[in-house]
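>>> for reference, the sequence and a predicted model appear below.
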Amino acid sequence: MPELSDRDALVDVAERLFARGGIHGVSVREVTLAADVRSKSAVQYHFGGRDGLVRAVLARRGETLRVRRAMFLEQLVVGGSDAEPRALCQAIVEPYCDFLDDGLGALSYLVIVREVLGDPQYAYEDLPSVFSDPLLPALLARLLHPMQLPDALAAERSLVAVSSITGAVADRARRQLDDTSPRPMSPVPLFVANLVDMLESAVLAPVDPATMRSVGAQPASTTGR
Amino acid sequence: MAFPDPTPIRLADPVGADEIVLSTHDTGEGPAVVFCHGFPDIAFGWRRQLSAVADAGFRAIAPDQRGCGASSAPHDVEAYGLQELTGDLARLLDAKGIDDAVFVGHDWGGFVVWAMSVLHPDRVRGVAGLCTPYMRFPTVADHLAIVDGVAERQYVAWFQTDGVAEETMDQHVEPILTRIFRSGTPLEEQAAFAFADGTLNMNPFNDPTAWPILGSTLVDDAELARYVAAFEQAGFRGGINWYRNIDRNAAECPEVGRRALDIPCLMFTAECDPGLRPSFADGMSTVIPDLTRHDLLGVGHWIQQEVPDQVNGHFVDWLQEKFTDA
């Protein structure tokens, strides 16, 4: 079997170091040294610099996430449940939470995603680029569609939904990474099921008339359930 | 016969610039057998084979290949050459810790697995081709010549312009798949439509609803729904991009289809396949000393779906004779 390439070794090491020290708190030199690659300019060569390295870290598991979502959605379509809110929430949450059971690197990725989403440098409003995942906005749009929300409010709900999920999952991942964490943790399946429940309720929450007025729309009686 | 659920397999160091993750079905234990689908198809096209081969003492592995089904689908045409497609299969073995395997391919997947034996010979114990013989892949010019240069009348030629075919086909997923997955019919019956206006038309994809529905269906409602879901989600572009590299493949991999193969090989031909004619396989025995050939009569292009018992019987016999580790 071939050995790990320099490129993969750098992404592996960067993933763990970024999760521990933050994407701005770790130098390219530290990554290069820890990866034990021969060339000092390996990051520049393979990724064009730190920013490219961060994007490569995101893209690697991001592509696995996209494929998991695509597989999940195929199953929903076959089962005829691709319009059911709970199934759509599962498709958003479960493939992402699979990383909680996938080793230290995957847990590190979850911590990094949250940091990137909060970092203006990485265009946090562009979710597909952070997750390498065009399906995520499509799933959110399908979930929100029956609500008939004004565009501005739908966008706001999508963003808050994603930041809440990635935040909750990152907190959980960090605790799993920190084996000295004093609080006992719920089993992963319970954590995931609860997250699905909460996402469904949050996304489909009734809209207060005052909220509608604040986005410049007439309060409608059909929003909410 | 249950079709195993897929798992996402990430490939380390894939050929090209893109991260590649393949949705892969994997069942059984024993010498590995990798199943490679053609176009338009996905790993699900092998649903009538995997369990039978696993039950016979082999490990049956079927990926949605690059660009297809749930697997990674880079946008660029250049990401779909033979080096990339065969490289993915070698790296799939790496990811699973497998040294070598028997590769079986249908249609385009047949071309890929024959190329495996030339481009990655140390990973290949044997090759089986369904409909697709070991031969040089015809060039775009060859395909155009069949229809006097009118690209719209020959699908491989029509596929060549970036963005055109997928735009039409993605809007007609169900009509296309409904007409594609049918049993074989006599060639005269197929020819009656292909020559309906007096000139040969070999493009069932650009105006699919105008094409007749011949033979009987090879997919029940649930199976068709699964295919439709896969192609509505992924679109046809990835698979079409395979065709957009045929001239580049010929230039970069000139030995494919020519170099002699010193491994056990198996060839199935289908009498009613209008494109991949059984006679195309006639030259194989001159470059493959250990060749077993079965000519299946009265069957069409999708032989593994149409006559799975015949295909599985011959295939398992060959596997057990040639590859059972004593």
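Received, thanks.
>>> and B:Val219, how many neighbours?
B:Val219: 21 surrounding residues under other C-beta atoms under 10 Å in any protein chain shown. For glycine as for every other residue, the C-beta is placed from the backbone atoms N, C-alpha and C.
>>> residues of chain B that sit close to chain A?
Of all the residues in chain B, those in contact range of chain A (C-beta under 8 Å from any C-beta of the partner chain) are B:6, B:8, B:10, B:12-13, B:19-23, B:69-72, B:94, B:97, B:222, B:225-226, B:228-230, B:232-234.
>>> of these, which belong to strands?
Applying DSSP state E to those, the entries found in strands are B:Pro8, B:Arg10, B:Val21, B:Leu22, B:Ser23.
>>> which stretches of the chain form helices?
I went with chain A, as the question did not name one. Listed in chain order, the helices found in chain A under DSSP state H are A:6-21, A:28-35, A:42-47, A:50-78, A:85-97, A:104-117, A:127-131, A:135-144, A:151-177, A:188-203, A:209-214.
>>> wait, chain B
With DSSP H as the criterion, chain B has helices spanning B:50-55, B:82-96, B:108-119, B:140-146, B:155-158, B:164-169, B:173-180, B:187-194, B:221-234, B:237-243, B:246-252, B:303-306, B:308-323.
>>> pLDDT at the residue positioned nearest the centre of chain A, what is it?
In chain A, the C-alpha closest to the average C-alpha coordinate belongs to A:Thr166, at a distance of 5.1 Å (C-alpha atoms, centre = their mean). The model reports A:Thr166 with a pLDDT of 91.
>>> ok now do it, which residues does it touch?
When the contact criterion is C-beta atoms under 8 Å, 6 or more residues apart in numbering or on different chains, the partners of A:Thr166 are A:Tyr96, A:Leu110, A:Val113, A:Arg114, A:Leu117.
>>> now do 7 Å
Residues near A:Thr166 by C-beta atoms under 7 Å, 6 or more residues apart in numbering or on different chains: A:Val113, A:Arg114, A:Leu117.
>>> kindly report the same for A:Asp8.
Taking C-beta under 7 Å, 6+ apart as the criterion, A:Asp8 is in contact with B:Ala12, B:Asp13.
>>> next: the one 5 residues further on.
Each residue near A:Val13 by C-beta under 7 Å, 6+ apart is listed here: A:Val31, A:Ala34, A:Ala35.
>>> what's the nearest residue to it if we skip its chain neighbours?
Excluding its sequence neighbours, the residue lying closest to A:Val13 (C-beta to C-beta, 6 or more residues apart in numbering or on different chains) is A:Ala35, at 4.2 Å.
>>> and the pLDDT at residue 44?
I'll assume chain A. Confidence per residue is given as pLDDT, and for A:Gln44 that number is 94.
>>> that's the wrong chain, I meant chain B
Confidence for B:Phe44, expressed as pLDDT, is 97.
>>> again with the one 3 residues further on
Taken from the predicted model, the pLDDT recorded for B:Arg47 is 97.
>>> surely it touches B:Ala2?
No: assessed by C-beta atoms under 7 Å, B:Arg47 is found out of contact with B:Ala2, at 9.2 Å.
>>> about what we covered before: which non-adjacent residue is nearest the residue nearest to the centre of chain A?
Skipping the residues right next to it in sequence, A:Thr166 comes nearest to A:Arg114 by C-beta to C-beta, 6+ apart, at 5.0 Å.
>>> and that neighbour, how many residues sit next to it?
Quick note: A:Arg114 (other C-beta under 10 Å) scores 20 neighbours.
>>> identify the residues contacting it.
With contact set as C-beta under 7 Å, 6+ apart, A:Arg114 has these partners: A:Thr166, A:Gly167, A:Ala170.
>>> could you work out the most separated pair of the ones in strands among the residues of chain B next to chain A?
Between any two of those, the greatest separation by C-beta to C-beta is 11.1 Å, found for B:Arg10 and B:Ser23.
>>> neighbour count for the two, which is higher?
A side-by-side neighbour count of B:Arg10 and B:Ser23, using other C-beta under 10 Å, places B:Ser23 first with 26 against 17.
>>> distance check, the more buried one against B:Phe103.
18 Å (C-beta to C-beta, to the nearest Å).
>>> of the residues of chain B next to chain A, buried ones?
Neighbour counting with 16 or more other C-beta atoms under 10 Å in any protein chain shown marks B:6, B:8, B:10, B:12, B:19-23, B:69-72, B:94, B:225-226, B:228-230, B:233-234 as buried within the residues of chain B next to chain A.
>>> got the contact list for B:Ala151?
Under the criterion of C-beta under 7 Å, 6+ apart, the contact partners of B:Ala151 comprise B:Leu144, B:Ala157, B:Trp158.
>>> and if we set it to 10 Å?
Shown in contact with B:Ala151 (C-beta atoms under 10 Å, 6 or more residues apart in numbering or on different chains): B:Val140, B:His143, B:Leu144, B:Ala157, B:Trp158, B:Phe159, B:Gln160, B:Thr161, B:Val164, B:Asn203, B:Asn206.
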